[in-house]
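Asker: Quick one, structure for this:
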Amino acid sequence: MGMADRLYLREVDELSIRDQLPAGYEGNTFPQELWIEINGEPVRDIFKSLDVAIPGSVARLPSRHLLDSPDPGLALDGRVALLVCSECGDIGCGALFVRITLEEDRVVWSDFLYANDYDPESEEPKEGRYVFDRLAYEGELAPNKT
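Answerer: Reported below is the predicted structural model:
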């Protein structure tokens, strides 16, 4: 089943953001990173990335990085960083960015891009569009969620 087929089967996607990595996970890790899944699949796996998720201090409320006010050090061309370098957490090494569109009752992730902040030639667009219920999405951003 292709990406386009999957998009039409699901009206609303499910986002899960946890402060703890799954038990037994042996991939790259970074202090205080979050574990982000869409429809039960890790974002790392969806986009075949070795990078790690942004820290909770950036993603969790009261931060609005994943809403309407991205951290300036983790943004590029209207997109926000979702995954960053597992060694240093810097977008300069390469990161997965996403455009976030807020609507009254939903949040849309689209226009994914793997890039760094210094070499436009290295940019690599990634396919994907995900629609989340806004109340559930904001609930996932709540502080102290495990």
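
Asker: Going along the chain, name the strands of this protein.
Answerer: 15-18, 35-38, 41-42, 52-53, 75-76, 79-84, 95-102, 106-115, 124-126, 130-133 (DSSP state E).

Asker: Confirm for me that W35 is in contact with R18.
Answerer: Yes - counting by C-beta atoms under 8 Å, R18 is a contact partner of W35 at 4.5 Å. The way it works is simple: take the backbone N, C-alpha and C, and place the C-beta from them, glycine included.

Asker: Show me the contact partners of stretch 46-62.
Answerer: 17, 19, 27-36, 38, 43-44, 63, 65-66, 71, 74, 81-86, 89, 94-96, 112, 114, 126, 128, 138, 141-143, 145 (C-beta atoms under 8 Å, 6 or more residues apart in numbering).

Asker: actually stretch 124-142, not the one I typed
Answerer: Contact with stretch 124-142 is made by 3, 7, 11-17, 38, 46-47, 59-61, 66-67, 96, 102-115, 145, as judged by C-beta under 8 Å, 6+ apart.

Asker: one more time with 7 Å
Answerer: 3, 7, 12-13, 15-17, 38, 47, 59-61, 66, 105-110, 112-114 (C-beta atoms under 7 Å, 6 or more residues apart in numbering).

Asker: now do stretch 68-79
Answerer: Outside stretch 68-79, the residues within contact range by C-beta under 7 Å, 6+ apart are 54, 58, 65, 80-81, 91, 97-99, 102, 111, 113, 115, 117.

Asker: Which among these count as buried?
Answerer: Applying 16 or more other C-beta atoms under 10 Å to the contacts of stretch 68-79, the neighbour count classes I54, V58, H65, V80, A81, I91, F97, V98, D111, L113, A115, D117 as buried.

Asker: quick one: which two of these are the most distant?
Answerer: In terms of C-beta to C-beta, those reach their longest pairwise distance at V58 and D111, which sit 19.8 Å apart.

Asker: Which secondary structure element of this protein has the lowest mean pLDDT?
Answerer: helix 3-9 (a mean of 49; mean pLDDT, DSSP states H and E).
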